[in-house]
Structure formats: structure tokens, C-alpha cells
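*Asks:* Can you look at this prediction? I've put the sequence above it.
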Amino acid sequence: MLIVLGIVGWGMIFKDNFATFASNLLSFLSETFGWAYLMSMFVFVVFAAGLAFSKFGNVKLGPDDSTPDFSTKSWFAMLFGAGMGIGLVFWGVAEPIFHYLAPLGIEPGSKEAVDFAFKTSFKHWGFHPWANYSVIGLALAYMQFRKGKPGLISSIFIPIFGEERVQGPIGKTIDILAVFATVAGVATSLGMGTLQIGSGISYIFGIEQTNMMNILIIAVVTVLFIWTAVSGIDKGIKILGDINLVLAGTLLVGTFLIGPKVATMNAFSNGLGLYLNDFLKDSLSINAFGDNSWLKSWTVFYWAWWIAWAPFVGSFIARISRGRTIREFVGGVIFAPAVASFVWFAVFGALGVGLSDKLGLDGLKAAVGAPETALFAVMQHYNLGTLLSFVTLLLLCTFFITSANSATFVLGMFTSEGDLNPSNQKKIIWGLFQSLLATALLLAGGLQSLQTISVAAAFPFIGVMLLACVSLIKVLLEDSKSTK
């Protein structure tokens, strides 16, 4: 907490200095180590898929006679909401339009721009981010439920370093980094989610978005996410996850029905074909001597952001996955959410890009001036768009609460020696701490800088996660030998 407060204090008191430092650090890492982000994320996909189809695919994350703690529907709803739910609402319309209007090396608004828009959106929200979460989730679930170790990121490395070393400086450093990455990432998302909810209220009801409105939104959301976190996974978090699934399904089907249906199906089919066909090339493509500014600002930033979220999301997914086999885990954590993301971007992307004939490129650009209002702006041009905007606003709130309550639960675990059921006191303290940080940064205008520094600070997790792959393989091989 002191480390986080020190960094946030720097960001609030010396805002310009902090922003410059954070931006320069991320720019240096993206420029110098862009190749490392690309290669490591590709390795995570290959590693997870290879493990699922190997002889270890039937190994359970828990005792051999264990059964899953949650139904498949509730399990998927919770992991999907924690992993990227609110991001899909934020970028579902905006990202395909951005790529359509400013494609890399292609004429804006052309047929090639449409192909680029959907393929790129599928890439950024497809197999890579979920494989990244699965590395931490798989390794931690195995060590927690199969080996009986604490629910700490450092527990993953017991097979490599031994229990004594992991309980020393190496393990503590990894665990502190995990806490910082989680707090910074979630505080940033709380602030940015508040801005989007406020923008939606302002857009739909015509109410001016003020600091007082933002504080009120954070206060209401804080009460709800702490309450659901304190209620526990079986009650509050699980029930909210099920509600998310119903709301997201309603919004998705409703949007498909009011949008260009044939174009949506074509976008899904064509985008998926291009994504799979160019998967290897796009996963590793970077200019050796040319300009990589687009790659840095989009793909490398996304990969860095997903890695920053891996400790929290991976730990939460591990916590709810007891009794699943490795093959089930990979299918549920990588394949199913990726397909859901493809469908989401096809439906909402077609809704936005389809307006280009009606509004023209300049009109489309004006309609989506800011990502946080893009979905609401586009919805207004369709029948029942206002009604679906209300559903969107409600879904934003529930996804928002889901990310925050799962993060609060995980922070309680991280700071309770890995206790899988941390005390309510810890959860309440972390919930209030995150909300106060988000409020202070929102008022001081330092949210973007905290996001930048959290993404940059997560750079060492590339090494941590690659080691996690080695550690999991090592313990699986040792256990398979001992059972022969």
C-alpha cells in the first residue's frame, strides 16, 4: 500500500513530471522490446494449446476425484466478466471504426480497410489475451488445488526454486509486483469506467457530466462491488456473473437484429478467415528497420496491458477452476471467450462501419469522436437504439462491478498469505483503497499516467510468465513419473 501510495502521490503532486516519465518509459520498452511482447504472447498461445492436446490434458486441477465448484455457465460468466467484459463494451464499436478510418498502409474506407478493421480487432481480442491469462491461471490452479500451496503468484515457482527460496526475497518481490499491477490496473479501470458510465448518462439523458456525477458513480459502484465481494464467490460474484451473461446476450442479440444482419455474418466469416489465415504472420510481424509506431500504439500496448492484468485475472480464474481438467480449462478460458469476442466485434463493428454509407467517412469520424461515447453515438442511428443504449449502460455497470469485486477478492488473497477465502476486513480495505485512488486520480487528471506506468511496470512479468510455463511443465513431468 505504501509503494502504491508513493507512486500515486507522485502522479498527483508532480503530474506533468510523472506523465512524462511514464510515457517515456513505456515508449522505450515498446520500441526496444516490442519483439519480446510479440514473441512471448505467441509462446503463451502455443504453450496452452500444446498442453491441452498433450497427455496432460486429462489432468485435473485438484484431486483426481474432485468435481468443478461451479456450473460451466457460471464459471464462464465469471471468468469472462473479470477478464475483459467492460473492454468489449468500450471498444466493440470504436475499435473497428478506428481501424476502418485509419488502416495501416491502406486507403481509409476501402474494402481492404474493412478487412483490416475486423481482422485486427479479432487479433487484439482473440486467442492471445486469453492464452496470456491461462498461463498464470493454469499454473496457479495446479499448485493450489493439486499441490495444496497458497494462492500466491510466487507459489507457481516452487518447482523451480524450492519452497524456502520462494518464501524469501524472490517470492516476495513477485507477489508485491502482482499487488501493484492489480491495484494500478483496477484503479485505472475504475476511473475510466466511471468516465464511460458518466458519458453514457450524459449522452442519453442530456445531463452534464461533472466531477460530482463521477464521484457519485464511484460511490454507488464501490458499495455494490464491496458488497458482492464480501458476499463471497458462491453468492455475490457468481450471481452478478450470471446477470452479466444475460444482459450481454440480450444486448448482442438485440444489436444483431437492428443492425445489418448479412453484413454482420459476412464480417464474422471473412474476419475469422483472415485472422486464422494470417495468425502466425500477424503474431510475430514487426519492422526490422522501418516505422513501428502503429504497432507500438496498438498491438504492443494491448499485449502489455493484457500482461499487466494477468496476475489478477489469472489468479481469479485459478480460484474458480478447481476440479476442471487442463483440457477443459484451456477450452473454457481461451477458445470459448475468444469466439465470443469474435462474434461481439462482428456484430458491433458492422453496426458502426455500416454507417459509413449513410454518414460518409467524415460523418462517421465525428460520430465516434471519443471511444467512451462511440457505442451510444452509433446506436442513435438505428431503430430501438435508445432502448439498447439503456441496456448498454446497465451492462457497463454490472461488468464494471464484476471486474472490481473479483480484483478486491484477489487482492485479499494476495495479502493474506494466499488464503483462498480472505477476511471481509481485507476485502473492504482493498475495495475502499482502490476507489479512493480512482477518485483522487480522476480529479487530478492522472488516470492515463497511472495506466501507462502500470503497463510499463508489468514488463518484468514477461519473464515471470515464461518461467511459469517452465515451472508447470516441470511439476507435471515430475508428477507423471511419480504415478507410474
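*Replies:* Structure received.
*Asks:* Show me the helices in the stretch 351-484 of the chain, by range?
*Replies:* For the stretch 351-484 of the chain, applying DSSP state H, counting those that start in this stretch gives helices covering 356-367, 371-379, 385-414, 424-444, 447-457, 461-482.
*Asks:* on contacts alone, who are the packing partners of the shortest one?
*Replies:* With contacts taken as 3 or more CB pairs under 8 Å, 6 or more residues apart in numbering; DSSP states H and E, helix 371-379 sits against helix 72-91, helix 94-101, helix 169-205, helix 336-353, helix 356-367, helix 385-414. C-beta coordinates here come from the backbone N, C-alpha and C atoms, glycine included.
*Asks:* Just want the angle from that helix to helix 385-414.
*Replies:* Angle, helix 371-379 to helix 385-414, by axes from the mean of the first three to the mean of the last three CA atoms, to 10 degrees: 150 degrees.
*Asks:* Let me see the mean pLDDT of helix 371-379.
*Replies:* Per-residue pLDDT over helix 371-379 has a mean of 86.
*Asks:* Report the angle between that helix and helix 356-367.
*Replies:* Here helix 371-379 runs at an angle of 150 degrees relative to helix 356-367 (the same axes, to 10 degrees).
*Asks:* Any chance you could list what contacts helix 371-379?
*Replies:* Applying CB atoms under 8 Å, 6 or more residues apart in numbering, the contact partners of helix 371-379 are 89-94, 97-98, 192, 195-196, 199-200, 203-204, 348, 351-352, 355, 367-369, 385-386, 388-389, 392.
*Asks:* before we move on, back to that, closest to residue 126 out of the helices of the stretch 351-484 of the chain?
*Replies:* helix 461-482 (18.2 Å; CB to CB).
*Asks:* Mind giving me the packing neighbours of that closest one?
*Replies:* Checking 3+ CB pairs under 8 Å, 6+ apart, helix 461-482 ends up next to helix 15-52, helix 127-141, helix 158-161, helix 169-205, helix 301-319.
*Asks:* For it, what is the distance to the chain centroid?
*Replies:* In terms of CA atoms, centre = their mean, to the nearest Å, the gap separating the centre of helix 461-482 from the centre of its chain is 24 Å.
*Asks:* what sits against residue 460?
*Replies:* residue 177.
*Asks:* for it, phi and psi?
*Replies:* phi -60, psi -20 (degrees, to the nearest 10).
*Asks:* Tell me the pLDDT of it.
*Replies:* In the predicted model, residue 460 carries a pLDDT score of 88.
*Asks:* Next: residue 241.
*Replies:* pLDDT recorded at residue 241 is 85.
*Asks:* going forward, begin numbering at 18 instead of 1
*Replies:* New numbering, starting at 18: the last item is residue 258.
*Asks:* Show me what the host helix or strand of it packs onto, helices and strands only.
*Replies:* Following DSSP states H and E, one finds residue 258 within helix 255-275. Helix 255-275 sits against helix 89-108, helix 353-370, helix 402-431, with contacts defined as 3+ CB pairs under 8 Å, 6+ apart.
*Asks:* Could you point out which of those sits nearest residue 247?
*Replies:* Closest among these, using CB to CB: helix 402-431, at 8.8 Å.
*Asks:* just to revisit the earlier point, turn the helices and strands packed on helix 255-275 into TSV, including mean neighbour count.
*Replies:* Formatted as TSV, the helices and strands packed on helix 255-275 follow (neighbours: other CB atoms under 10 Å):
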stretch	mean neighbour count
helix 89-108	23
helix 353-370	23
helix 402-431	23
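*Asks:* re earlier: can you flag the weakest of the helices and strands packed on helix 478-499 by average pLDDT?
*Replies:* helix 186-222 has the lowest average pLDDT among these, namely a mean of 84.
*Asks:* quick one: average pLDDT of the helix or strand that it is followed by?
*Replies:* Scanning forward in sequence from helix 186-222 by DSSP H and E, the next helix or strand is helix 228-248. For helix 228-248, mean pLDDT rounds to 89.
*Asks:* Direction-wise, compare helix 228-248 with helix 186-222 and give the angle.
*Replies:* Using the same axes, to 10 degrees: helix 228-248 against helix 186-222 is 130 degrees.
*Asks:* And helix 228-248, what does it pack against?
*Replies:* helix 186-222, helix 402-431, helix 441-461.
*Asks:* Same list (those helices) but as JSON lines, adding distance to residue 358.
*Replies:* Putting the helices and strands packed on helix 228-248 into JSON lines (distance: least, CB to CB, whole Å) gives the following:
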{"stretch": "helix 186-222", "distance to residue 358": "18"}
{"stretch": "helix 402-431", "distance to residue 358": "14"}
{"stretch": "helix 441-461", "distance to residue 358": "26"}
